[in-house]
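>>> Below is the structure, and that's it, no one-letter string:
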């Protein structure tokens, strides 16, 4: 998965590349460095 460091704080939903179930992603960057990453399954 590709992350865009040009936006400092992001939350979005992306489908898993393996099982196609949705995953809620939360990421945070400081000065271009990843400082926080969380991925939670959204079970259906």
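Perfect, thanks for sending it. Computed from a predicted model, the values in this text were never measured in an experiment. Numbering: from 1, shown residues only.

>>> Contacts made by the helix or strand harbouring residue 36 with the rest, please.
According to DSSP states H and E, residue 36 maps onto strand 33-41. Strand 33-41 is contacted by residues 3, 5, 21, 22, 23, 24, 25, 26, 27, 28, 29 when judged by Cβ atoms under 8 Å, 6 or more residues apart in numbering. Where you see a C-beta, it was placed from the backbone N, CA and C, and this is true even at glycine.

>>> Not counting sequence-adjacent ones, nearest residue to the last one?
Take residue 29 and drop its neighbours on the chain: the residue closest to it by Cβ to Cβ, 6 or more residues apart in numbering is residue 5, 4.5 Å away.

>>> buried set for the strand holding residue 36?
Of the residues in strand 33-41, none is buried by neighbour count under the rule 16 or more other Cβ atoms under 10 Å.

>>> That one pairs with which strands?
For strand 33-41, sheet partners with direction are given as strand 22-30 (antiparallel), following DSSP bridges.

>>> Which of the helices or strands spans residue 12?
Per DSSP H and E: residue 12 is located in strand 9-15.

>>> Which elements pack onto that strand?
Contacts of strand 9-15 with other secondary structure elements, assessed using 3 or more Cβ pairs under 8 Å, 6 or more residues apart in numbering; DSSP states H and E, are made with strand 22-30.

>>> Now do the strand it packs on and strand 9-15, the angle between them.
Using axes from the mean of the first three to the mean of the last three Cα atoms, to 10 degrees, the interaxial angle of strand 22-30 with respect to strand 9-15 works out to 150 degrees.

>>> quick check: mean pLDDT across strand 22-30?
Per-residue pLDDT values over strand 22-30 give a mean of 96.
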